[in-house]
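Undergrad: what's the 3D shape of this:
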Amino acid sequence: MRTELEKDDGAIHRKLRMGMVGGGPGAFIGEVHRKAARLDGGIDVVAGAFHIDPAKSREMGVQLCLEPGRAYDNYKQMIEQELKREDRIDFVSITTPNNWHFPIARDFLEAGFNVICEKPITMTLKEARDLAKIVKRSGKLFGVMYNYTGHPMVKLARDMVRQGDLGRILKVVVQYPQGWLIQPLERQGSQQAQWRTDPKQCGASGCCGDIGTHAENMVEYITGLQIEQICAEFTTFVKGRMLEDDANCLIRYRGGARGILQSSQISIGNENNLAIWVYGEKQALEWHQEDPNYLHVYVPDGPVQKWRRGNGYIGAKSPAAARATRLPFGHTEAFFEAFANNYLNFTDTLRARMAGRKPTELELDFPGLHEGISGMAFLDTVVKSARAGAKWMKMVKV
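TA: Here you go, the predicted structure:
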């Protein structure tokens, strides 16, 4: 492996070195990040502070066959030791529970490292704004893993809206129902349930903070609509749970469009049923995360269109969708590939910066600081509305 940067026609001829905080033994999302980051062959995971327990962090280092000594006891030790290395990490991926996102991102940025972080980026809107100042001051690249924006057909939907196919957007309906928390799993030893239902680790919102933010981000990414006001109702159906497990929102968008956003973790029979319907004056779109390779297009008086990933007409309509496609039509692409697309664009942007080249629009197609702050403004508004008894609340401009 080459350990020094080489510049040639705007290219960096080595793998980028990735570090990770979180994602220890048995972690779900951390392993997804690692697999996705390595999918295209341009990234190596070389270091990490994988668990709050140093022994488990070292165990993860052994599992990943890391160089001895690069599985650190904690993230502060990781920063200190990586700064001493000529082959230090190029960026860090943060996959911890929410309460750790801000301090870890802050410390890595201030030490001079690029950062990609799981959502939500912070616990509060104030922290998100503070983080924005730190990113600007550091001059480093910052990304947020809203992974569903990485799907080719989501990019196609966005480009159809941008190109005016739908005309003026009138209404958006977006949902993200799950059923896995219908039982009090947080009291039955489930680590995934414990931190997601604990306000000290998750934040002021449970269900909406965990998956409702994905729904909000999906609307903004595809339509570009900005929220003006929200009326939100939170319900906690499982007795003794500290945060809501069901959320329903009415939304008024700037410009007059209306929206319905619902997220739930007590909807029995639903697994990860993220779906969106966008209704315009000319056409409408429908996309389902559990059937992600197809985009349905509706017209007022005509047959339903089913756009299928991987075909030549997709790339002709949306270069971003073509760039995000790895397999020929008929071969399904989904969850890992969507993560990988965001990693690819993030690291291609980073490579461009390292080579002194301006990133292209396609390379810059990954969620960043704006999306992270927008998600926190959304959560801040829905929590205030729900606590006020489903009162309409104005959302701050981002």
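
Undergrad: residues in contact with whatever helix or strand Lys306 lives in?
TA: Following DSSP states H and E, one finds Lys306 within strand 305-308. With CB atoms under 8 Å, 6 or more residues apart in numbering as the test, strand 305-308 has contacts from Met153, Leu156, Asn293, Tyr294, Leu295, His296, Val297, Tyr298, Val299, Tyr313, Ile314, Phe329. Where you see a C-beta, it was placed from the backbone N, CA and C, and this is true even at glycine.

Undergrad: Show me what counts as buried in it.
TA: Trp307 (16 or more other CB atoms under 10 Å).

Undergrad: what does stretch 108-117 give?
TA: Phe108, Leu109, Ala111, Phe113, Asn114, Val115, Ile116, Cys117.

Undergrad: Could you tell me what pLDDT the model assigned to the fourth one?
TA: For Phe113, the pLDDT comes out at 98.

Undergrad: Report the mean confidence score over the very next helix or strand once past the strand holding Lys306.
TA: Going down the chain from strand 305-308, the next helix or strand is helix 312-317, by DSSP H and E. Taken as a whole, helix 312-317 has a mean pLDDT of 98.

Undergrad: So what's the gap between the helix or strand immediately after helix 312-317 in the chain and the chain middle?
TA: Using DSSP H and E, the next helix or strand after helix 312-317 towards the C-terminus is helix 319-323. The chain centroid and the centroid of helix 319-323 are separated by 19 Å under CA atoms, centre = their mean, to the nearest Å.

Undergrad: elements contacting helix 319-323?
TA: helix 152-162, helix 312-317 (3 or more CB pairs under 8 Å, 6 or more residues apart in numbering; DSSP states H and E).

Undergrad: how about the helices of the stretch 1-150 of the chain, start to end?
TA: 28-37, 54-63, 75-82, 101-110, 125-138 (DSSP state H, counting those that start in this stretch).

Undergrad: what angle do the first one and helix 54-63 make?
TA: Here helix 28-37 runs at an angle of 30 degrees relative to helix 54-63 (axes from the mean of the first three to the mean of the last three CA atoms, to 10 degrees).

Undergrad: Give me the buried stretch members for helix 28-37, please.
TA: Neighbour-count burial for helix 28-37 [16+ other CB under 10 Å]: Ile29, Gly30, Glu31, Val32, His33, Arg34, Ala36, Ala37.

Undergrad: how about those residues in a markdown table, adding pLDDT?
TA: Formatted as a markdown table, those follow (pLDDT from 0 to 100):
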| residue | pLDDT |
| --- | --- |
| Ile29 | 96 |
| Gly30 | 97 |
| Glu31 | 97 |
| Val32 | 98 |
| His33 | 98 |
| Arg34 | 98 |
| Ala36 | 98 |
| Ala37 | 98 |
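
Undergrad: Separate out the buried members of the contacts of strand 305-308.
TA: Met153, Leu156, Asn293, Leu295, His296, Val297, Tyr298, Ile314.

Undergrad: State the number of residues packed around Gly69.
TA: 10 (other CB atoms under 10 Å).

Undergrad: any idea how far the nearest residue to it once chain neighbours are set aside lies from Ser263?
TA: The shortest distance from Gly69 to any non-neighbouring residue, by CB to CB, 6 or more residues apart in numbering, is to Gln81 (7.7 Å). Per CB to CB, to the nearest Å, Gln81 is found 40 Å from Ser263.

Undergrad: The two - which one has more neighbours?
TA: Taking neighbours as other CB under 10 Å, Gln81 and Ser263 compare with Ser263 leading, 30 against 15.

Undergrad: sec struct for that one, please.
TA: Three-state assignment for Ser263 (DSSP: H, G, I helix; E, B strand; the rest coil): strand.

Undergrad: residues contacting it?
TA: Ser263 touches Gln175, Tyr176, Pro177, Cys207, Cys208, Asp210, Ile211, Gly212, Ala215, Asp246, Ala247, counting by CB under 8 Å, 6+ apart.

Undergrad: Is it correct that the fifth one is in contact with Leu243?
TA: It stands for Cys208. No - the criterion here is CB atoms under 8 Å, and Cys208 misses it with Leu243 at 9.0 Å.
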